[in-house]
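**Q** This is the structure alone, sequence omitted:
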């Protein structure tokens, strides 16, 4: 089953569930899906060199419009020919609009029909993001995939609050799409645009929001406003309420999610794309995801552990360095500890979605996912 | 001119000065001299992976007995088969005895003829280092080259203080040598031992100390207690007072020195080996050494600098990443900034001594050194 849509090809769907295997095509390269996108908020994945990302076959990384707009700034990025050239990364980049970051500023922002006014967390200076100028900022960044400006509805929200917020996001999406379609690419390569569905934990709002967005014919669709404090079961229910009305032949992106279990379960609900700071942030706290289970590397259990960090997930450093050495680096506050743990966790996430894809193509996704969730959730023996 | 001494071969001396080119032979590999040894105090060069060190052709790194003794501890290092296996580094390692670190504890130490009693900077626990047990600790670490326990004389010191301290260091050296010669290698590979000359800023003490040490027939000789606050001209004078009485066919090591200029001037005085935290520490502060001059990477000068960090010093990342991107990483507090700056500075120091060696072999060391000092000291245009 192959679709010839020029942006997204769907190669297989799991016979038992809704899991899909496909490829997103961009001018900076193909992205096999399901995909995990390491988060490079400020133009760098924390504690990781781009070369290590390439060696792990990372097909795409994230940037954040809010952060990059403030620093290094749109002017510098334009002068340097965009984020790809600026950061020496020649594979695809997806940029979040910054809606989520502005949302988390809380006291420093003011919403209006026009957009969101906020004060920089760096220097308190005042700025306005609109549906339209966020498209322009992403043109200057030069990302391959843009996200629209949305309002990330606070959790918990009453039904009325959630609907009001979702409707604003929907109106902004329309303005974003119109502006995107009439503004030219800046650096010669094609740039695609995804909408973001909201609706808090109300399935009918999620469904109607996504249906409206689908009518605007975006290049792909994201599910936003989850992983903000709701129960995991609510997250899965909202994901399903959204994927059920998403078009088959466009990529589907669940934003900011999550644990390896969250990702496998969302793949089973038909999601193609993921990003999350969890692998990199947990790495810096000494919490490792490995193919043989969870690890707190600071634990005395690993004091003389001469086994490698992980033989299976594909990171060379994880095959060469021992658990005991990594534990020592954390106790000695060595930056190398953060570097090696980050490589391990990113490699694990990339291994997870790469293997999920193989299993979907094999038609064996569900039993593999169940077994893998159990293995990865357990403490490493 | 080749010497067939099995530990050190002298290949050339500069006709104009005292600069030497040679090779130190260890069972973990050959070390071409002059050599700069990146400092891996706790078993890791700060912010740098061992793979990057290998790619830069780093022939040897340093460890520190004081730090490794406290953490991960001799017991763990023995259980793991020594520091080479523990840290996945298969090239030579030199360990400082920890004399310098104990010296800098000041309030926490008590000197005696037996050795030095001190309290750990980590948990206040009490420990005793003696000439003999420091040899044993370095056996457990498994380093290829050991340094003896010495007393790093405080600066400034009166002549009497300097002599008293130097005499203690000399008596400890004798005990160290005796113990070393009668205690077996722990992991099968040969381990060599260097003495450390002291004598503060008094040339006659430096000379007589070194003469006594030379009489004990160590594998190599180091000049200690410099770069501790004295004038640069005093440092050069003390270096010369020492090298003049050092044997021709054994390696000479100036400890803890220094800037690129310090290193080139000391090479001209006949020194073969160097270590210093300056390249790595300065890197983390954003001060770069480059083949085209000094750089404060945070400076606005580099905001839109699309030139590479350094094309000549041999670091791939310095050829691929721009000054503007590195500046951004520092302003955004990204760990990747520390990583890339560290690679640059270590690469520069390795380039410096590698090129010095070529020029000594060519017979063109002095004019090259004069030109290089001028270029490297100047701010990058």
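**A** Perfect, thanks for sending it. The structure displayed is predicted, hence computed values, not measured ones.

**Q** Contact residues of the stretch 1-150 of chain A facing chain B?
**A** For the stretch 1-150 of chain A, the residues in contact with chain B (Cβ under 8 Å from any Cβ of the partner chain) are A:42-49, A:51, A:67, A:71-72, A:76, A:79-80, A:85-88. All C-beta spots, glycine's among them, are computed from the backbone N, C-alpha and C.

**Q** Buried only: go through the residues you listed for me.
**A** If you count burial by 16 or more other Cβ atoms under 10 Å in any protein chain shown, the buried members of the residues of the stretch 1-150 of chain A next to chain B come out as A:42-49, A:67, A:72, A:76, A:79-80, A:85-88.

**Q** Go through these and flag which are in helices.
**A** Residues of these located in helices (DSSP state H): A:67, A:76, A:79, A:85, A:86, A:87.

**Q** any chance of those in CSV, plus pLDDT?
**A** Converted to CSV, these look like this (pLDDT from 0 to 100):
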residue, pLDDT
A:67, 97
A:76, 98
A:79, 97
A:85, 97
A:86, 98
A:87, 98
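
**Q** Now do the buried residues in stretch A:286-303.
**A** By 16+ other Cβ under 10 Å, the buried positions in stretch A:286-303 come out as A:286-292, A:294-297, A:302-303.

**Q** Over to stretch A:216-227?
**A** A:216, A:218, A:219, A:220, A:221, A:222, A:223, A:224, A:225, A:226, A:227.

**Q** Then stretch A:17-37?
**A** Buried, per 16+ other Cβ under 10 Å, within stretch A:17-37: A:17-26, A:28, A:31-37.

**Q** Just list the residues touching the residue nearest to residue A:232 when sequence neighbours are not counted, thanks.
**A** Spatial nearest neighbour of residue A:232, excluding adjacent residues (Cβ to Cβ, 6 or more residues apart in numbering or on different chains): residue A:262 at 7.0 Å. Counting by Cβ atoms under 8 Å, 6 or more residues apart in numbering or on different chains, residue A:262 touches A:227, A:232, A:235.

**Q** Residue A:262 in helix, strand or coil?
**A** Following DSSP: H, G, I helix; E, B strand; the rest coil, we place residue A:262 in the helix state.

**Q** Break chain A down into its structural domains.
**A** A:8-276, A:283-377 (automatic domain parsing).

**Q** which stretches of the stretch 251-381 of chain A form strands?
**A** Secondary structure of the stretch 251-381 of chain A (DSSP state E, counting those that start in this stretch): strands located at A:252-254, A:273-275, A:287-290, A:293-296.

**Q** okay if I get those strands as CSV plus distance to chain B and mean pLDDT?
**A** Formatted as CSV, the strands of the stretch 251-381 of chain A follow (distance: least, Cβ to the nearest Cβ, whole Å; pLDDT from 0 to 100):
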stretch, distance to chain B, mean pLDDT
strand A:252-254, 25, 98
strand A:273-275, 18, 98
strand A:287-290, 17, 98
strand A:293-296, 17, 98
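
**Q** So which of those strands is nearest residue A:164?
**A** With Cβ to Cβ as the measure, strand A:252-254 is the member of the strands of the stretch 251-381 of chain A nearest residue A:164 (23.5 Å).

**Q** what's the nearest residue to residue A:369 if we skip its chain neighbours?
**A** Excluding the flanking residues, the one nearest residue A:369 by Cβ to Cβ, 6+ apart is residue A:264, at 4.4 Å.

**Q** And the one you found, how close does it get to residue A:215?
**A** Distance from residue A:264 to residue A:215, counting by Cβ to Cβ, to the nearest Å: 31 Å.

**Q** out of these two, which sits in the more crowded spot?
**A** Neighbour totals were compared for residue A:264 and residue A:215, and residue A:264 leads with 24 against 10 (other Cβ atoms under 10 Å in any protein chain shown).

**Q** Show the pLDDT at that one.
**A** Per-residue pLDDT puts residue A:264 at 98.

**Q** who are the neighbours in contact with it?
**A** Contacts for residue A:264 (Cβ under 8 Å, 6+ apart) come out as A:352, A:356, A:369, A:372, A:373.

**Q** Any chance of CSV for the ones in helices among the buried ones among the residues of the stretch 1-150 of chain A next to chain B, columns distance to residue A:112?
**A** Output for these, formatted as CSV (distance: Cβ to Cβ, whole Å):
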residue, distance to residue A:112
A:67, 23
A:76, 29
A:79, 31
A:85, 35
A:86, 32
A:87, 33
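
**Q** what about the longest helix in chain A?
**A** Criterion DSSP H: the longest helix present in chain A is helix A:335-362.

**Q** how far does that helix sit from the chain's center?
**A** Here the centre of helix A:335-362 is set off from its chain's centre by 14 Å, with Cα atoms, centre = their mean, to the nearest Å.

**Q** any idea of the mean pLDDT for that helix?
**A** Helix A:335-362 shows a mean pLDDT of 98.

**Q** Residues in contact with the helix or strand of chain A with the lowest mean pLDDT: which ones?
**A** Counting by mean pLDDT, DSSP states H and E, chain A has its least confident helix or strand at helix A:99-103, which shows a mean of 84. Residues outside helix A:99-103 that contact it (Cβ under 8 Å, 6+ apart): A:64, A:66-67, A:109, A:116, A:118, A:129, A:147-152, A:154, A:196, A:224, A:255-256.

**Q** Next step: those residues restricted to strands.
**A** A:64, A:109, A:116, A:118, A:129, A:147, A:196 (DSSP state E).

**Q** that older thread, can you put the strands of the stretch 251-381 of chain A in JSON lines and add distance to residue B:336?
**A** Listed next are the strands of the stretch 251-381 of chain A as JSON lines, based on distance: least, Cβ to Cβ, whole Å:
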{"stretch": "strand A:252-254", "distance to residue B:336": "25"}
{"stretch": "strand A:273-275", "distance to residue B:336": "18"}
{"stretch": "strand A:287-290", "distance to residue B:336": "20"}
{"stretch": "strand A:293-296", "distance to residue B:336": "24"}
